[in-house]
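Student: Quick check, what structure comes out for this input:
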Amino acid sequence: MDSIMNNATMKAIQIHAYGGPEVLTYEEVPRPIAGPDEVLLRVAAAGVNPSDWKTRRGFADFPESRRPPRPPLPLILGHDVSGIVEAVGPGVIMFQPGDAVYGQTRLGETLAGGTGACIGAYAEYTTTFATNLAPKPATIDHLHAAAVPTAALTAWQALFEYGKLEAGQSVLINGAAGGVGHLAVQLAKARGARVIGVASGRHEAFLRDIGVDHFIDYTTTPLEQAAHEVDLVLDAVGAKNGDRLLDVLKPGGRLVPIFLGQYSAERAASVSVTISLCLMHPDTAQLSEIGRLIDSGRVRVALEMVVPLWEARQAHEHGESQHLRGKIVLRVMK
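Tutor: This next block holds a predicted model:
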């Protein structure tokens, strides 16, 4: 059941049309209230993900055969949230008002073709299922916590659910300095894997500092010449020439993209490689475990940029035009 509205209002970033960053509008909107199994969050910070600007553009860059349905407008974007529980709806027993939590909104349901007007995190308040949340890691602030959920869950599931990575195996992470990539490096190291990181040379010191065993600067060295017999490739780039990633894998290896890319099924079959596109799903148990790794110091969160909520356009412009180190976050709570 979707949240109903009351007479209170809040500030939010909405889109009323699909297009460029200029369609992001800072305005007054109705404040939601928590429905059954939901919590109402006072948003402290909202993470910015590539899916946000892909949605804002109406998935214009997707092949027509793979293009998701456009959600109804107006729409408040934002999957990732960190904040304080303001109120709980009927049936919620795992959280209470005042709890600091982080996790994901219900926006994914809307993008999957749901009919409800689910509210994203680019707002002063949002609602989400209690099962989409976990206690915020105690050792980091809301800005860093908001950067974690989608990127870390994507990395976790790509590595361990789709990639079946085990201690002692090797993983090559293409796009190792980005939001998903830098967390995947650390999660793989925490599992006991050997990590090969691919990024531009300016990220080498950063990546070695967070645990990369072997660094490849893709601007100077073809990765297929620098890595061989790898158990798993996590492709966080979705490159058009994705078949070169097949050359670094051992027979029986796995390639797990997190974005749509160009990979030849025939060539993969000829070298006995399995290709599995990672489709991330909310998981409160995984989010809790990721929080414990953060609090233990085994996983650190890098922020590329922090801007206030009303500067969401700047955040999107920067994210679309740059090779990022870590994540972009919107500061909401003053």
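Student: What strand or helix carries Val307?
Tutor: Val307 belongs to strand 303-308 when assigned by DSSP states H and E.
Student: what's the answer for Arg313, then?
Tutor: If you go by DSSP H and E, Arg313 is part of helix 312-321.
Student: go on, Arg254?
Tutor: Going by DSSP H and E, Arg254 is part of strand 249-257.
Student: elements contacting that strand?
Tutor: Contact analysis of strand 249-257 by 3 or more C-beta pairs under 8 Å, 6 or more residues apart in numbering; DSSP states H and E lists strand 230-235, strand 274-275 as its packing neighbours. From N, CA and C alone the C-beta is placed, and that goes for glycine too.
Student: okay if I get these as a markdown table plus mean neighbour count?
Tutor: Formatted as a markdown table, those follow (neighbours: other C-beta atoms under 10 Å):
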| stretch | mean neighbour count |
| --- | --- |
| strand 230-235 | 25 |
| strand 274-275 | 18 |
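Student: can you put the ones you listed in CSV and add distance to Leu287?
Tutor: Shown next, in CSV, are the helices and strands packed on strand 249-257 (distance: least, C-beta to C-beta, whole Å):
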stretch, distance to Leu287
strand 230-235, 19
strand 274-275, 27
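Student: one step back: give me the contact list for the strand holding Val307.
Tutor: Contact partners of strand 303-308, identified using C-beta atoms under 8 Å, 6 or more residues apart in numbering, comprise 143-144, 147, 314-315, 318, 322, 324-332.
Student: thinking again about what came up before, elements contacting the helix holding Arg313?
Tutor: Partner elements for helix 312-321 (3+ C-beta pairs under 8 Å, 6+ apart): strand 24-32, strand 38-48, helix 50-56, strand 303-308, strand 327-331.
Student: buried sites along that helix?
Tutor: By neighbour count on 16 or more other C-beta atoms under 10 Å, the buried set for helix 312-321 is 312-319.
Student: any chance of those in a markdown table, plus pLDDT?
Tutor: Shown next, in a markdown table, are the buried residues of helix 312-321 (pLDDT from 0 to 100):
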| residue | pLDDT |
| --- | --- |
| Ala312 | 98 |
| Arg313 | 98 |
| Gln314 | 97 |
| Ala315 | 97 |
| His316 | 97 |
| Glu317 | 96 |
| His318 | 95 |
| Gly319 | 93 |
